[in-house]
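Participant: Sequence first, predicted model second:
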Amino acid sequence: MNYAEQVQQLFETDPGFASAVGMLEKLSQRKHPRVLNFSHHDLDGITSAFIAKRLLERQLGAEVVVKLPSHFKLWEEALVEVLEKEGKFDLLLLTDKGTFSFYDDFLKHVDQVLIIDHHQLDGMPKRCTVFNPTVEISEYASAASLLCHMLATKLGPTDVYDDFAVLLGCRGDFAFDPVQKSYTDFARPFIEQSMEEFPLAFRFKADRPTMYDLVDRERTVLVNQLAEVLHAGCLAHLYNQVLGTDIPYGPELVYDFLFELSERGARPEKFSSVNDMLGGGPKSRILSRVFDMYKSDWALLSGRVENAVFLGEICGVGVYMVFAEETEAMRAAPFPAILPFVASTRMDALKRAGGHPHSMIIIFCPKERGVHISMRGGGGVIDCGSMCSQLATRLRELYPGQEGVGGGGHARAAECLADKPVPMYAVMHELISMVQEMVRLAEVLDRGKATLEEMERARSLGLTHGS
Ligand SMILES: [Mn+2]
């Protein structure tokens with residue numbers, strides 16, 4: 001199936017896709033509709049906002065205001081604050097910001113809400129329009145940028161800048177691995193089309209391995225390098241102590257840079273190096289300086305993740321943990337900045353050395369605000385998202401009334417945060433107990449001796465094995 005066929009098929013089978021198209025077509029009958037877009041502050045979210053804004057301007061003549069706050073969930077206060085400043089909007093568009101039932105509450109403030117998302121369900125909103133194939137038709141939709149591009153494709157022609165942006169967004173969210181030549185089913189048609197449109201981006205290079213090169217650390221490809229430079233760019237403002245206070249907010253820097261590409265008439269299909277993309281303008285100079293800082297932080301952190309501790313094997317998944325701090329500049333970041341990515345590059349070596357079919361790494365990171373735990377890997381056997389959400393639930397039970405405890409995410413990448421005053425030792429204790437419980441449950445499941453209660457417990461912990 002090619003990409004155009006996939007888009008048409010999804011349009012026919014996913015009711016949310018058709019509703020989103022209908023909603024935008026209706027909106028196009030208004031003169032200069034105003035759209036407020038909140039998007040995730042990572043590469044997938046930024047490229048989603050880029051594609052959405054170009055689509056809305058092109059097809060609807062809309063005025064689009066874009067916000068990329070540094071928290072995943074959109075809170076009502078953050079929305080109200082923007083509305084007070086920016087006035088009335090015809091549509092609130094939420095891209096790559098999760099699918100939460102409380103997003104229905106936003107209809108108090110705007111007439112229409114459209115959610116374009118690929119995250120797993122966290123309570124289905126009933127009154128918002130939701131385009132999320134992951135929850136609607138249980139097909140893991142690899143990246144929100146790809147969903148935005150599908151919507152744009154359905155509504156009119158897209159161009160090379162839209163295509164290039166999705167490629168970066170999909171890379172940012174690990175929707176494909178051009179070195180291992182592995183693709184998620186959902187992204188495959190688009191990636192195959194991109195290989196023809198951007199052949200140079202897929203050519204092998206014997207160069208520094210990037211954050212995306214998790215298995216083969218000897219070589220990489222250009223698309224991994226380009227995405228890594230922009231991922232680092234998202235952290236720009238965190239380096240303002242070193243680089244100067246005029247350093248812009250990273251996600252906006254990257255977002256503006258994508259527009260600069262089209263403004264300067266760059267030819268992404270001809271890029272054969274990072275410098276070709278950067279181009280040499282003022283934003284490119286900041287991006288290069290930030291990338292240099294990032295690379296030296298990466299080297300420092302590589303030493304800190306050397307000694308991972310083996311916690312046990314669960315259903316063939318070797319579970320390892322590193323206890324390490326982020327670098328100086330990243331200690332205040334409430335999201336996975338650099339450390340979890342560095343630790344992820346150890347997973348394959350741990351798997352091979354331990355002789356496990358799969359591996360998983362847990363990153364226990366004390367930060368200014370509290371403890372930040374990241375989980376990566378799991379081989380599709382252990383669900384990182386369920387583990388993080390269970391851990392957060394236990395901590396909330398132990399420390400009722402503490403606001404800053406939360407956790408969740410994808411099957412192969414998830415986060416759990418426990419803000420102070422929840423003590424670090426308590427978080428460590430709950431984490432280790434949980435892993436030990438999972439090791440035990442996996443054994444009884446394996447022997448076919450699990451009670452109904454144990455099976456239920458295993459399911460809630462995301463142990464798909466045997467259930
Ligand atoms: Mn995403």
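Facilitator: It's in. Everything numeric here is computed off the predicted structure, so don't read it as measured data.
Participant: Who are the contact partners of Thr158?
Facilitator: 51, 149, 152 (Cβ atoms under 8 Å, 6 or more residues apart in numbering). C-beta coordinates here come from the backbone N, C-alpha and C atoms, glycine included.
Participant: Please repeat the previous calculation with a cut-off of 6 Å.
Facilitator: Ala152 (Cβ atoms under 6 Å, 6 or more residues apart in numbering).
Participant: quick one: secondary structure of it?
Facilitator: Here Thr158 is recorded as coil under DSSP: H, G, I helix; E, B strand; the rest coil.
Participant: What lies in contact with the lowest-mean-pLDDT helix or strand in the chain?
Facilitator: Ranked by mean pLDDT, DSSP states H and E, the weakest helix or strand in the chain is strand 121-122, scoring a mean of 72. For strand 121-122, the external contacting residues (Cβ under 6 Å, 6+ apart) are 99-100, 135.
Participant: Between those, identify the one with the most neighbours.
Facilitator: The most crowded member of the contacts of strand 121-122, judged by other Cβ atoms under 10 Å, is Thr99 (24 neighbours).
Participant: Mind listing the strands the least confident helix or strand of the chain pairs with, and their directions?
Facilitator: strand 99-100 (parallel) (DSSP bridges).
Participant: Quick one: mean pLDDT over the partner strand.
Facilitator: Throughout strand 99-100, pLDDT has a mean value of 92.
Participant: Any idea how many residues pack against Ser138?
Facilitator: Ser138 has 8 nearby residues by other Cβ under 10 Å.
Participant: Show the model's pLDDT score for His465.
Facilitator: For His465, the predicted pLDDT is 48.
Participant: Name the secondary structure element that contains the residue of the stretch 1-150 of the chain found nearest the ion.
Facilitator: Proximity to the ion, evaluated over the stretch 1-150 of the chain using Cβ to the ion, is greatest for Asp44 at 3.4 Å. Secondary structure assigned from DSSP states H and E places Asp44 in helix 43-60.
Participant: from the chain's centre, how far out does that helix sit?
Facilitator: 17 Å (Cα atoms, centre = their mean, to the nearest Å).
Participant: Tell me the helices and strands packed up against it.
Facilitator: Using 3 or more Cβ pairs under 6 Å, 6 or more residues apart in numbering; DSSP states H and E, the elements in contact with helix 43-60 are strand 34-39, strand 63-67, helix 144-155, helix 160-172, helix 250-263.
Participant: any chance of these in a markdown table, with mean pLDDT and distance to Phe291 too?
Facilitator: Output for the helices and strands packed on helix 43-60, formatted as a markdown table (pLDDT from 0 to 100; distance: least, Cβ to Cβ, whole Å):
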| stretch | mean pLDDT | distance to Phe291 |
| --- | --- | --- |
| strand 34-39 | 98 | 23 |
| strand 63-67 | 98 | 24 |
| helix 144-155 | 97 | 21 |
| helix 160-172 | 98 | 15 |
| helix 250-263 | 97 | 12 |
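Participant: could I get the ones you listed as a markdown table with mean neighbour count and distance to Ala308?
Facilitator: What follows is those, written out as a markdown table (neighbours: other Cβ atoms under 10 Å; distance: least, Cβ to Cβ, whole Å):
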| stretch | mean neighbour count | distance to Ala308 |
| --- | --- | --- |
| strand 34-39 | 24 | 34 |
| strand 63-67 | 17 | 38 |
| helix 144-155 | 26 | 31 |
| helix 160-172 | 25 | 25 |
| helix 250-263 | 20 | 29 |
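Participant: Just send the ones you listed back as a markdown table, with distance to the ion too.
Facilitator: Listed next are the helices and strands packed on helix 43-60 as a markdown table, based on distance: least, Cβ to the ion, whole Å:
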| stretch | distance to the ion |
| --- | --- |
| strand 34-39 | 9 |
| strand 63-67 | 16 |
| helix 144-155 | 5 |
| helix 160-172 | 7 |
| helix 250-263 | 13 |
